[in-house]
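Asker: Give me a model of this one.
(2 chains)
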Amino acid sequence: MVADGNTPAPPERLWRNPEPKRNYDVVIVGAGGHGLATAYYLARNHGITDIAVVERGWLAGGNMARNTTIIRSNYLLDASAALYDHALRLWEELPEELDYEFHFSQRGVLNLAHTEQEVRDARRRAFANELNGVDAEWLTPDEIAEVCPILDTSPNLRYPVLGATYQRRAGIAKHDLVAWGLARKCDEMGVDFVQNREVTGFLTDGDRVVGVRTDKGDIGAGRVGLAAAGRTTLLTDTLGLRLPLQSHPLQAMATEILEPVHPCVVMSNHVHVYTSQAHKGELVLGAGIDTHNGYAQRGSVHVVENQLAAAVELFPVFARAHLLRTWAGTVDVTPDASPIIGPTPYENLFVNCGWGTGGFKATPGAGWVFAHTIATGSPHPLNEPYGMERFTTGALIDEHGAAAVAH
Amino acid sequence: MLLVRCPWCGDRDEAEFRYGGQADVDYPADPHQLDDASWGEYLFVRANPLGSFNERWMHTAGCRRWFSLVRDTATNEMSPDIPRRRESR
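Answerer: Numbers count the residues shown, from 1 in each chain, chains lettered A, B, ... in the order given. Sure thing, here's the model as predicted:
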């Protein structure tokens, strides 16, 4: 393959495809972004390299392959700001560390406010961000127009843009390249990727998990980490472990390839769409989940219609773009729109799940804290608030508003 | 787009409905006896099956009534037959 001057030509081979051994120190279920990042930091930070990452399809072929690639850390609550900003700091150093250019582009994210209440909420979030050391600015419509000239900031819209928060360090990355860069480094450090093998349950010894069952035989494991996103409860159900998760379709879409027109990322909670332009030129659009539970990886047209209507209203130039494809992943959503990362009542079984619509941005941060949790058996300070016990104690991390998308 | 069968209005477009999640989740019979874990379970934990799911829908843009149906979460195939109420969820 020839490089097009923008995207580097992929090398011949980035990772091996070994037959799995009978036992590993750690088995990670799911070779998506989070599974890969977890394996990477287990090896890098904790010296654990006897790892199998087991994947039912192909590496990074699930939600990692079909997401809107937005990276930001402008969350309202302290626990969230800490976790997502840790991830953002890791994003900033990862290309050099992985020696792999995955086009992390800090082009900035605008979160629009369309009502007086949204203005107050957004400004409050920006102040909270500043207190937490997360870069945040409040922009007036005129300032927004300078950052993103194609956005309609006139007062003529049904929901005019009254202002926006702006995080300059936020941006996008090329998701496939992120996965390949992580997988290559993991492979170099001895991690085995086992593709096309579905984990169907667990090997247990009393309340201890000692391995995984797969459709092609058992694999023993000292510790097991779940990074299986929308399919997490299908696995934990086999243990009678009930998690507060619901799996929903999440749709996104891309247009034909266009000249560079869209300089940043724009998110709008109120009219509900988020947009950016991929490096190759597609406009990438997304919004919230379909309301019903589902594993069909297919959503409903009216959800697409709503976000396209919002996009065309905000960006008159988008009306001329041809939509090339839409798709749906299966995301697992918690009642407080925050993830669950931590130990389980089963010894040696750890979960990383419930990221809803926002898992991609957290990829390295999630991997970092999940690796710590698996390696040491207890949470890192950054994921301590994210244990499943918060649904019993009531100490929820309710980020519905600040997540800036409907979960 | 799902075609949802309202028991009173017939087949209607999904956009006319509000989704209500799992059916047959009863308020605890004796709330004062519940410990924190049971309360957490009642408030936050629902079944999340791959396959047959007994769920609630409300015909918000029509008769505004709630009803149950069974949907396969993998295929979206629906059955209007309200299943026999289960003993426990």
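Asker: residue boundaries of the strands in chain B?
Answerer: If DSSP state E is used as the criterion, the strands of chain B fall at B:3-6, B:10-13, B:18-22, B:52-58, B:66-72, B:78-79.
Asker: Using the record's domain definitions, break chain A down for me.
Answerer: Listed by the TED database, the domain ranges of chain A are A:23-67+A:176-244+A:335-403, A:106-169+A:246-333.
Asker: Would you mind finding the most buried of those domains?
Answerer: domain A:23-67+A:176-244+A:335-403 (a mean of 21; mean count of other C-beta atoms under 10 Å in any protein chain shown). For glycine as for every other residue, the C-beta is placed from the backbone atoms N, C-alpha and C.
Asker: now check it, is it near chain B?
Answerer: Yes: against chain B, domain A:23-67+A:176-244+A:335-403 shows contacts by C-beta under 8 Å from any C-beta of the partner chain at A:231, A:233-234, A:237, A:242-244, A:335, A:391-394.
Asker: Point out the residues in chain B that sit beside chain A.
Answerer: Counting by C-beta under 8 Å from any C-beta, chain B comes close to chain A at B:1-2, B:13-15, B:18-19, B:21, B:36-37, B:39-41, B:43-46, B:48-50, B:53, B:55, B:71, B:73-76.
Asker: Where does pLDDT dip in the chain?
Answerer: You didn't say which chain, so I picked chain A. Filtered on pLDDT under 70, chain A yields the residue ranges A:1-8, A:10, A:401-407.
Asker: oops, I was thinking of chain B
Answerer: Across chain B, the ranges flagged by pLDDT under 70 are B:80-89.
Asker: Go ahead and flag the most central residue of it.
Answerer: Nearest to the geometric centre of chain B sits B:E55, at 2.0 Å (C-alpha atoms, centre = their mean).
Asker: Now do the same contact list for it.
Answerer: Taking C-beta atoms under 8 Å, 6 or more residues apart in numbering or on different chains as the criterion, B:E55 is in contact with A:292-293, B:19-23, B:68-71.
Asker: related to what we said a few turns ago, looking at the strands of chain B, which is buried most?
Answerer: strand B:52-58 (a mean of 19).
Asker: Just the CA trace of it, in CSV.
Answerer: Only the C-alpha atoms of strand B:52-58 are listed here, as CSV (Å, rounded to 0.1, in the frame of the first residue of the first chain):
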residue,chain,number,x,y,z
SER,B,52,-36.2,-12.4,24.5
PHE,B,53,-36.9,-9.3,26.6
ASN,B,54,-40.2,-8.4,28.3
GLU,B,55,-40.4,-4.7,28.2
ARG,B,56,-42.6,-1.6,28.5
TRP,B,57,-43.6,0.9,25.9
MET,B,58,-45.8,4.0,26.1
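Asker: Can you list the strands that it pairs with?
Answerer: Next to strand B:52-58 in the sheet, as set by DSSP bridges, lie strand B:18-22 (antiparallel), strand B:66-72 (antiparallel).
Asker: Just give me how far it sits from the chain centre.
Answerer: In terms of C-alpha atoms, centre = their mean, to the nearest Å, the centre of strand B:52-58 is found 3 Å from the chain centre.
Asker: Then stretch B:25-41?
Answerer: 19 Å.
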